[in-house]
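Quick check, what structure comes out for this input:
(2 chains)
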Amino acid sequence: MGNMGPQTRKLDETSAQKRPWYAGIILGLALAAGCSGTVSAPTQVEKGSAGDVGPARPPQNESPIDGPDGPPATLRPAPAHIRRLTAVEISNSVRDAFFAGSQPAQVNIIDEVARHNFDNVFEGLDVSVPFALQLATGAEAVAGQVIKMLPTVLPCAKDIAQDQEHACLGEFITRYGRRMFRGKVTLDQRAALQALYDQARPRGDFATAMGVVVEGMMHSPTFLFRTEIGGAPGEAVSPLTSQEIASALSYFLWRSGPDDALLDAADVGLRTRNSILEQAHRLLGDVRARGAVRDFFWQWLEISDIARGVSKNDLLFSPALVTSMLEESRLLIEDVAFGNRKGSFADLLTAANTFADGNVGQLYGGVVTKGSTFNPLTLDKTRRLGLLTTPAFIAAQTSSARFSPIFPGVFVRRKMFCQVLPEPPPGIPPPSIDPNLTTRERFAAHSDSPSCQACHKSIDDIGWAFERFDVIGRDRDTEKVGDRTVALSARGKLVDTDVDGTFEGAPELVTKLANSQMVHDCFVSHLLEFMLGRDTGNIDDRLPVDKGSIAAVAAEVPREALIDVLAALTVTDSFLYRDARNFPGGL
Amino acid sequence: MTKSATRRSVLQTLLIGAGAAPTLRPFGRSFLPQAHAAEGGAPRRVILFEHPNGLPGGGQSIPESWYYKAGTSYATGVFGHMLKPLEMFRDQMVVIQNLEQKNAPMKDTSSHNNYSIQLWTGSAEAEKVPPHPSWGKARNASIDFHMSEKIGKLATPRCPLLGLGVQPDQTHVHDYTGNQVRGSIERNPYALYTRLFDGLFTAKTQPDPQVMARLANRKSVLDYCAKEATAFAKRLGAADRARAEAQAETCRSLEKQLSAGFATAGSGQACGPLALEPNVVWTNHITHDVPKVMNMMIDITVTALACDLTRVVEFKNWGRDDHDATSNFAPINLPQGWHALSHNDPSVEDYKRAKIWMSEQVAALCRRLSSIPETGGTMLDNTLVVVGSEHGQDHAGYPMQFMTIGGKNLGVKTGQYIRAGEPRKGLGVEHNRLLVSILNAMGLPEETWGVQDAGRGGLAGFMG
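Numbers count the residues shown, from 1 in each chain, chains lettered A, B, ... in the order given. Predicted coordinates:
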């Protein structure tokens, strides 16, 4: 690395006013230093301070990220690592490399169930025997599809003469190898693929041997693992290479490999924040970004859990209903984030509209919706607002049999406020199920017992917000116990947050969440996990590495479009730099 | 058992699926998601082994003397009559007491119906709305069926769920394929053997050239994979180098297996034809051949696992009475059925002898599993054997006694005793927690099981 020592340069306010909001973040700490706050949470993004990130830096949006205006000398990036593609990423990458995104490739790999918040956390993603066996299956299927389409994807393969085969193979490797390996294929890699072809060719025809080359590409570590080591292996601060940035962008924003345009841009050089932002926005304008954003929310909010065989004590709960629930949440997320309004995260939490078909429409009291077509639905604002009141979220946060305030309460504490909750002490039985007591009466034991009170008071009081929904997210107003029919209030209370106070019903709770900077910080913290594929709670205190810049992003969350927040994160130091001291040499 | 099948033929049938066993495909759907493989890469498997009617009445001394009496540690805990035959597996076991089926029977049904249904579904018998079959309706699928849907259909499509048993009760059902549909338990070992293994061990005299070409291509791809990963690893830091080297090793080991002609290291050698003794009487009304039927069922189970024809086994033995199923075989030699025995007819000592015999069969099954080397140890290390009954004591839903054997590589914390609550009504831990733990051990992420499950998570301490 060159001169990356701390420098001070006065922020040009006039030029800053002309730039989008995240330009200020790009500029470094000038904004971050002024973004002071009192809110703190154990695992969330902490507010920046000069001590965290060094003194203010000059405008860098046009400066090379590895030039003299690069990161401050105090920067301690996250450790460099390789990251294995997830099952979804493999499938998407193959689809986009060979089939122009139009034909789904039947890879059918199932990753081990993630124990992290997100499926792409690199720890645990390796090439084990079971994974390799699935990969072999998938590679065979993909190869079979490529063979069928060979004249289309590789015109030189049509009626090919034997003496032209190697040339045609070379063309294939140049074009498709570049997409699969996310960069120019090296001479060694080319030779190895050609050797594989030469072994297979005597056992079959040209197309069959080409299929074996496809299988080889899918088994290559260059395809399966993407590197985040940077161009300065051995150094404490190593800026990612242009090819690594292209991959990081595309897998963050598309969950797929870079397209030709992005690879072209990488070949020219993605060395300034402006050039990176330009690509980020281009990617966010593509339909593939919708799938990535949906995956982020489904995993963060645990909505995807309902697709994993959850059972419910309700005859209406069927695979068709689950499909409709998921579709509703997908449409809502896409409408807010990518629709005309280009909404913010807060908009997603407080959206006044949703979408419903005949299945999920049954859960909205009094609403008549029929058929399989999803239509816009205006919510009853006294009962529901936004993504956290969709049946998909509610069903994911309840047990199979009956409503409990614990699950949504714990979720909000842990995943919306990023607060650390201790594990419950062993040997404490759950509240007994007395058929003559309401849920509130049974859970009163939590609040009355000293051993439970410390945690459960603050958990249960949040969870009551969802009391007026049943286990599949259907409206309800009363609870019947024995001979009694008791009206439900959904009244609760938030404590130990920056939006403390009582609320009545889920709409008031989600409105509080939408106004909480703690929640916005936590949201950005989860975005970082998803972007970096690292469990930020377990790595070390070096993530995020540029707390000031990250905090500045978080501060803008309530006001700015959700997709602009995503774009802004791609030009933070956390995204761009790694500590590569553990790497012996360049790749 | 004989092993007349050639290694090549088994390889071709298991890996290539050509010819005699077209439903088994090469690198096809018989391969597993990562979560469904044990540590080391061998398949995760489960056997649910059921014996009927629980413990007899007689107070708390029965669970202690028949099952387990806690000591200062698990090592000093006393194995009762039913556990003694399994003493050699003490370090591989988890002994569990005091679980409870929380959902009481309806007024107009028997505890047998309710608790049988609840055993693997975790939910009480469904409301009796006509037409309501005598064997009852479940509210949700049983875990064995769920595992077969999530794992078996993908990994072992030829037999996603192996349901078999010795004199299985036709009246009281444990396994449900859905809300109201019962599963199927095969009690005829000959029919089962044909259904499972038909054509599998028929050697082809001439290798299919296309099959051999596909094999050779696969070996080339794996060789390419190993070389590329080795070169890739050299350029990485220590931690990542190990990951890339692991990929290289994975590809080498698979290539080696293809070359050797076995699907899985070690256990493949146990995958061979069985010489079933002819003319064994397996029907319920004549029972002197019961020990032979049990041996045959154990042989079939182990062979099916070794051939990776199935991963999920429900091994159901007897039920209530079925009126035909008696205990008239050595060493019990009584005309009574198992239900009568459980009511101490003619004496509690007779029931004890029957229960001990059943445990000896579990031990025989586990000895077979532990004699087969596999990745990470033995087949028993990669298989969770769950032994339980639908009743606790004296035909109540508590205190239920369970034991598991094996499953070390599935993440089970073996060699321990779990006291799951107290042996009194309402004070036991709901047995849904164990059902969840079984699913988790098989790599499935469920946190609840059964529509009436009000709790969450697996049995505390079960997984390591």
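
can you give me the strands in the chain?
If you meant another chain, say so; for now it's chain A. All strands of chain A, identified by DSSP state E, fall at A:81-84, A:225-228, A:238-239, A:353-356, A:375-378, A:478-481, A:484-487, A:491-494, A:501-504, A:577-578.

that's the wrong chain, I meant chain B
Using DSSP E, strands in chain B cover B:45-50, B:68-69, B:78-79, B:93-99, B:162-164, B:312-316, B:326-327, B:334-337, B:373-374, B:377-378, B:383-388, B:400-406, B:416-419.

just to revisit the earlier point, which one of the strands of chain A lies closest to B:Glu100?
Nearest to B:Glu100 among the strands of chain A is strand A:478-481; the distance by CB to CB comes to 22.8 Å. In short, each C-beta sits where N, CA and C put it, glycine included.

Buried residues, the closest one. List them.
For strand A:478-481, burial by neighbour count (16 or more other CB atoms under 10 Å in any protein chain shown) applies to A:Glu479, A:Val481.

That strand pairs with which strands?
strand A:484-487 (antiparallel) (DSSP bridges).

hmm, back to that, adding distance to chain A and mean pLDDT, write the strands of chain B out as CSV.
Converted to CSV, these look like this (distance: least, CB to the nearest CB, whole Å; pLDDT from 0 to 100):
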stretch, distance to chain A, mean pLDDT
strand B:45-50, 13, 95
strand B:68-69, 19, 96
strand B:78-79, 23, 96
strand B:93-99, 12, 97
strand B:162-164, 20, 90
strand B:312-316, 15, 92
strand B:326-327, 37, 69
strand B:334-337, 34, 75
strand B:373-374, 12, 84
strand B:377-378, 15, 88
strand B:383-388, 16, 97
strand B:400-406, 16, 97
strand B:416-419, 10, 97
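
just these: most buried one?
strand B:312-316 (a mean of 28; mean count of other CB atoms under 10 Å in any protein chain shown).

List of residues touching that one?
By CB atoms under 8 Å, 6 or more residues apart in numbering or on different chains, the residues outside strand B:312-316 that reach it are B:45-50, B:120, B:144, B:147-148, B:151-152, B:160-165, B:168-169, B:174-175, B:183, B:185, B:297, B:301, B:304-305, B:365, B:442.

List, one by one, the residues from the stretch 151-300 of chain B near chain A.
B:154, B:213, B:216-218, B:220-222, B:224-225, B:227-229, B:231-233, B:235-240, B:243-244, B:246-247, B:250-251, B:253-254 (CB under 8 Å from any CB of the partner chain).

can you give me the helices in the stretch 301-450 of chain A?
Ranges of helices in the stretch 301-450 of chain A, per DSSP state H, counting those that start in this stretch, are A:319-338, A:345-350, A:358-361, A:391-396, A:406-411, A:439-448, A:450-463.

As CSV, these with mean pLDDT and distance to chain B would be great.
Formatted as CSV, those follow (pLDDT from 0 to 100; distance: least, CB to the nearest CB, whole Å):
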stretch, mean pLDDT, distance to chain B
helix A:319-338, 95, 11
helix A:345-350, 97, 25
helix A:358-361, 93, 18
helix A:391-396, 95, 11
helix A:406-411, 93, 7
helix A:439-448, 77, 10
helix A:450-463, 82, 13
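
Which one, of these, ends up nearest to B:Glu360?
The nearest among these, by CB to CB, is helix A:319-338 at 43.6 Å.

Could you list every helix and strand in contact with that closest one?
Where contact means 3 or more CB pairs under 8 Å, 6 or more residues apart in numbering or on different chains; DSSP states H and E, helix A:319-338 is packed against helix A:288-300, helix A:345-350, strand A:353-356, helix A:358-361, helix A:391-396, helix A:562-569.

Any stretches of the stretch 51-200 of chain B with poor pLDDT?
Along the stretch 51-200 of chain B, segments meeting pLDDT under 70 span B:106-110, B:129-135, B:169-175, B:177-183.

which stretches of it form helices?
Under DSSP H, counting those that start in this stretch, the stretch 51-200 of chain B gives helices at B:61-62, B:111-121, B:143-147, B:153-155, B:189-197.

how about these in CSV, adding mean neighbour count?
Output for the helices of the stretch 51-200 of chain B, formatted as CSV (neighbours: other CB atoms under 10 Å in any protein chain shown):
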stretch, mean neighbour count
helix B:61-62, 16
helix B:111-121, 26
helix B:143-147, 27
helix B:153-155, 19
helix B:189-197, 17
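
Quick one, which of those gets closest to B:Asn98.
helix B:61-62 (13.0 Å).

For the closest one, name the packing helices and strands.
Secondary elements touching helix B:61-62 (3+ CB pairs under 8 Å, 6+ apart): none.

can you list contacts of that helix?
Taking CB under 8 Å, 6+ apart as the rule, helix B:61-62 contacts B:Leu55, B:Pro56, B:Gln393.
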